[in-house]
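# Need coordinates for the following:
(chains A and B)
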Amino acid sequence: MQEALAAAYREHWARLLALLTKRFGDIDLAEEALQEAFAAASRAWMEERPANAAGWLMITARRKALDKLRRQAALSRRHRFAWMGADVGEVEEEGLPDERLGLLFMCCHPALSREAQVALTLRAVAGISTEAIAGLFLVPVPTMAARLTRAKNKIRAARIPFREPQADELAERMAGVMAVIYLIFTEGYVPREGVAVTRAELCEEAVRLGRALCEVAPANKEARALLALMLLQNARRDARLGADGEVLTLDQQDRSLWRHDEIAEAVTLLEGIGGKGFAGAYHLQAAIAAEHSRPWRPADWQVVAQLYALLEAVQPSPFVRLSRAVAVMEAFGPERGLELLADVEEQLAGHGPMHLARGEMLLRAGQSEAGRAAIGRALELSRKVAERRYLEARLREIG
Amino acid sequence: MKYMLLLIGDESVWINSADEEKRAIFAMHEKLGEELAKKNAFLAGEELDHSSTATTVRNEGGKSLVTDGPYAEVAEHLGGFYLIEADDLDEALRYAKMLPGTVEVRPVVEH
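Numbering: from 1, shown residues only, chains lettered A, B, ... in the order given. Presented below is the predicted three-dimensional model:
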């Protein structure tokens, strides 16, 4: 029974919350009512799970919400009106319409702070409890609860709408939704200082959100590319950390630990995008990740270098340049890599990995003295135990 | 639902801008005015005089302290406002995007 309930929660939470929020125009009320409906289900489903679990939950949540409004003596015409044309019959016969995109747009509205967008998306769309979100982001529960309350208050007070943005804003808003989903992914993927493990659950949730976005926006190529990118990166989850929790480079990883079924799914997604060129930055990053994920051969560095050049054109950043310089070094030799790195050396002066990459390029170019100095600088900047151990070993190796 | 659009900016920039720039800015206000009129969404709106003309009254403990100048010494000041009617924040933001400079959009509490 607990499993049935957990499954129903996973499957239906976001869809039901989206419908309730749209119909009642109040995300807070919708969330409380749905929460109570699930609590009621844990009692009522002891004997038998209803055939139409979603319908049962919807009707119960609706009743709970209406009860609340009556208690507040606030059953306005708007709320009554909201329920016309959405009766039990509709729920049972036609299935539930999918309004999750509206919920995503509401949670990721630019009028909310980025951290509020992330927290709301995890709470409302992913259905994670406030306590769990606090745990995943390593903040006290009251802090996370206050963050969510503040965000929901603003949605209500400023009337942040539950609907698709107008055509001229759609691309920008969609980019905002994708940024939030990818932020959730990277938050789980990049180990934080002092935290040994990656928070795999956040990555899983981000992938799930990415799938949901593809379902509600099937024509969006960038959304598919984002899902592919996350799948490709997440497929390496069991291989990417060493025994001491250090991040391993691709060639240090045990490829048999990669999830090849997930890689295959991502590659299929990318192939399905079709058309000429690339849909945007996620598409390029996914193409790079795919090039690195071929199980039977190493990456073609010329292709990777080309992709990074395109990525830098759409998303210029010193970090993209650093990655591009490394790819160019692998494809065309250390001199070309060093040339590209020269532009961003100053900007990345405090970034250890830049010094490491530069050091390796200098070594390959035969400038051992300067190479050693650069790797030494990377060691000075490193605060992570495992990383320091690697750099110390590398320095001993080159003598 | 009512929203207040608060127009905030550095007054010296306005004073020092050329006539042509001022005309361009007035044109933006006119365009917004037309748009609001079309939707019957204009409730009120004024340009405020320079902050050096402001007087601040602080009422506390039954006493009123009157001082020269705006309530806070900051580089940017409230230079004008629109009180508008909009369906939701997205619509209010669309109006705000038609204006020059910085605009703070605040919902009005309905009592």
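# Show me which positions of the helix or strand harbouring A:Val118 end up buried.
Using DSSP states H and E, A:Val118 sits within helix A:114-120. Using 16 or more other CB atoms under 10 Å in any protein chain shown as the test for burial, helix A:114-120 gives A:Ala116, A:Gln117, A:Val118, A:Ala119, A:Leu120. Every residue, glycine included, has its C-beta placed from N, CA and C.
# Show me what that helix is packed against.
helix A:141-157, helix A:167-189 (3 or more CB pairs under 8 Å, 6 or more residues apart in numbering or on different chains; DSSP states H and E).
# Quick one: residues in contact with the last one.
Residues outside helix A:167-189 that contact it (CB atoms under 8 Å, 6 or more residues apart in numbering or on different chains) are A:104-105, A:107-110, A:114, A:117-118, A:121-122, A:136-137, A:164-165, A:198-207, A:209-210, A:213, A:217, A:220, A:222-223, A:226, A:229-230, A:233-234, A:282, B:90.
# where along chain B do the strands fall?
Ranges of strands within chain B are B:2-9, B:42-47, B:55-60, B:63-68, B:77-85, B:102-107, based on DSSP state E.
# Ok, which of those strands comes nearest A:Val141?
Checking the strands of chain B against A:Val141 by CB to CB gives strand B:102-107 as the closest, at 29.0 Å.
# That closest one pairs with which strands?
Strand pairing for strand B:102-107, determined by DSSP bridges: strand B:2-9 (antiparallel).
# Show residues contacting the strand it pairs with.
B:43, B:76-86, B:89, B:92, B:95-96, B:99, B:101-108, B:110.
# who are the neighbours in contact with A:Arg211?
A:Leu227 are the contacts of A:Arg211 under CB under 8 Å, 6+ apart.
# next structured bit after the helix or strand hosting it?
When elements are assigned from DSSP H and E, A:Arg211 belongs to helix A:200-216. Sequence order places helix A:221-234 as the next helix or strand after helix A:200-216, per DSSP H and E.
# For chain B, give me its nearest residue in the stretch 101-250 of chain A.
Closest contact between the stretch 101-250 of chain A and chain B, by CB to the nearest CB, is at A:Pro161 (3.8 Å).
# Confirm for me that A:Arg62 is in contact with A:Leu29.
No. In this structure, A:Arg62 is not within contact of A:Leu29 by CB atoms under 8 Å, at 11.0 Å.
# which residues do those two both contact?
Joint contacts of A:Arg62 and A:Leu29 (CB under 8 Å, 6+ apart) are A:Leu20.
# Out of the contacts of helix A:167-189, which end up buried?
Buried by 16+ other CB under 10 Å: A:104-105, A:107-109, A:117-118, A:121-122, A:136-137, A:165, A:198-199, A:202-207, A:209-210, A:213, A:217, A:220, A:222-223, A:226, A:229-230, A:233-234, A:282, B:90, out of the contacts of helix A:167-189.
# circling back: run through the residues that contact the nearest residue to the residue of the stretch 101-250 of chain A closest to chain B once chain neighbours are set aside.
For A:Pro161, ignoring the flanking residues on the chain, the nearest one in space by CB to CB, 6 or more residues apart in numbering or on different chains is B:Asp88 at 3.8 Å. Going by CB under 8 Å, 6+ apart, B:Asp88 touches A:Arg159, A:Ile160, A:Pro161, B:Met1.
# Let me know the distance separating B:Asp88 from A:Ala158.
9 Å (CB to CB, to the nearest Å).
# how many neighbours does A:Leu103 have?
By other CB atoms under 10 Å in any protein chain shown, 27 other residues sit near A:Leu103.
# Pretty sure A:Thr21 is one of the things it touches, is it not?
Yes. At 6.1 Å, A:Leu103 counts as touching A:Thr21 under the criterion of CB under 8 Å.
# shared neighbours, the two?
Residues touching both A:Leu103 and A:Thr21 by CB under 8 Å, 6+ apart: A:Ala124, A:Phe162.
# lowest average confidence, helix or strand, in the chain?
As the question left the chain open, I've gone with chain A. Using mean pLDDT, DSSP states H and E, the weakest-scoring helix or strand in chain A turns out to be helix A:88-93, at a mean of 47.
# nope, chain B please
That would be, for chain B by mean pLDDT, DSSP H and E, helix B:11-16 at a mean of 86.
# I'd like to know which elements that helix is packed against.
For helix B:11-16, the packing partners by 3+ CB pairs under 8 Å, 6+ apart come out as strand B:77-85.
# Could you check the strand it packs on against chain A for contacts?
No. Applying CB under 8 Å from any CB of the partner chain, one finds strand B:77-85 separated from chain A by no less than 11.9 Å.
# Sheet partners, orientation included, of that strand?
Here strand B:77-85 is paired, per DSSP bridges, with strand B:2-9 (antiparallel), strand B:42-47 (antiparallel).
# which one of those has the most crowded surroundings?
Among those, judged by mean count of other CB atoms under 10 Å in any protein chain shown, the one packed with the most neighbours on average is strand B:2-9 (a mean of 18).
# what's the distance between that one and the middle of its chain?
4 Å (CA atoms, centre = their mean, to the nearest Å).
# Next: stretch B:4-22.
Remark: stretch B:4-22 is offset 11 Å from the chain centroid, using CA atoms, centre = their mean.
# For A:Arg255, grab the count of nearby residues.
A:Arg255 sits with 14 neighbouring residues when counted by other CB under 10 Å.
# Hmm, A:Pro295 and it touching each other?
Yes. Using CB under 8 Å, A:Arg255 is in contact with A:Pro295, at 6.1 Å.
# What values do phi and psi take at A:Val247?
Per-residue torsions, A:Val247: phi -80, psi 130 (degrees, to the nearest 10).
# which residues does it bridge with?
On the basis of DSSP bridges, A:Val247 is bridged to A:Leu241.
# A:Leu356: what's it in contact with?
Contacts for A:Leu356 were tallied using CB under 8 Å, 6+ apart; they are A:Ala374, A:Ile375, A:Ala378, A:Leu391.
# Apply 7 Å and report the result again.
Residues near A:Leu356 by CB atoms under 7 Å, 6 or more residues apart in numbering or on different chains: A:Ile375, A:Ala378.
# Give me the distance between it and chain B.
Using CB to the nearest CB, to the nearest Å, A:Leu356 is found at 43 Å from chain B.
# can you put the strands paired with strand B:77-85 in CSV and add mean pLDDT?
CSV is the format used below for the strands paired with strand B:77-85 (pLDDT from 0 to 100):
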stretch, mean pLDDT
strand B:2-9, 96
strand B:42-47, 96
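# right, so of those, which gets closest to A:His12?
Distance to A:His12, taken as CB to CB, is lowest for strand B:2-9 among these, at 35.3 Å.
# low pLDDT regions in chain A?
The model of chain A has pLDDT under 70 over residues A:1, A:73-95, A:191-198.
# Sweet, I'm off.
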